[in-house]
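[1] predicted structure and sequence below. I'll ask about it afterward.
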Amino acid sequence: MTTEPSTDQVTGPPDDLRRLGRLIGTWHVTDPSGSGAVEGRVSYEWLDGQAFLMQRVDLLHGGQQARGIEVIGHTWPLGAEADPDITSRYYDHDGHTLDYVYELDGDTLTIWGGEKGSAAYFRGTFDASGDRLTGRWVWPGGGYDSSMTRTRS
């Protein structure tokens, strides 16, 4: 038995995911406090069909190399409804995975670690040009400031 995809599926990203398209491009990431908590580059691009965003990560984070990819979008199991949350899974160069939930409200991006409402999250704000995102990663007992500046669209 084969399952054929529905012909009434939406083409292109849903509106909430489409809004995350403002992340498309290559970004230089720094800790604006100067503590060196994070430094490096991330890039975002649409996967074919624009149903998912992919992030490529190459950072020095807390003195450790962090390289990997993240796939961002709505989970949509065959025969079921699409999940209303934008979720992601990050795959690092050591084989570990991390899960996130993305929310964009106006110019404020929140990335929840694990699940929405988690005590671990990033919250940042895009500047008027959309080429700078400044915020803070927070988790129980820690956190750091983070600033991303677009270097290429």
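    Yep, it's here.
[2] what's in contact with the least confident helix or strand in the chain by mean pLDDT?
    Among the helices and strands of the chain, helix 15-19 carries the lowest confidence by mean pLDDT, DSSP states H and E, at a mean of 94. For helix 15-19, contacts defined as Cβ atoms under 8 Å, 6 or more residues apart in numbering pick out Gly12, Gln50, Ala51, Leu53, Ile72, Gly73, His74, Ile86, Leu104. Every C-beta, even on glycine, is put in place using the N, C-alpha and C of the backbone.
[3] can you list contacts of whichever strand or helix holds Gln55?
    Following DSSP states H and E, one finds Gln55 within strand 52-61. Residues outside strand 52-61 that contact it (Cβ under 8 Å, 6+ apart): 17, 20-21, 23-24, 29, 37-47, 65-73, 88, 90, 92.
[4] name every strand pairing with that strand and say which way it goes.
    Here strand 52-61 has these sheet partners by DSSP bridges: strand 38-46 (antiparallel), strand 64-73 (antiparallel).
[5] got the buried residues for the last one?
    So that's strand 64-73. Buried residues in strand 64-73, defined by neighbour count with 16 or more other Cβ atoms under 10 Å: Ala66, Gly68, Glu70, Ile72, Gly73.
[6] ditto for the first one
    Applying a neighbour-count criterion of 16+ other Cβ under 10 Å, one finds Val38, Gly40, Val42, Ser43, Tyr44, Trp46 buried in strand 38-46.
[7] okay if I get the buried residues of strand 64-73 as a markdown table plus pLDDT?
    Below are the buried residues of strand 64-73 laid out as a markdown table (pLDDT from 0 to 100):
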| residue | pLDDT |
| --- | --- |
| Ala66 | 96 |
| Gly68 | 98 |
| Glu70 | 98 |
| Ile72 | 98 |
| Gly73 | 97 |
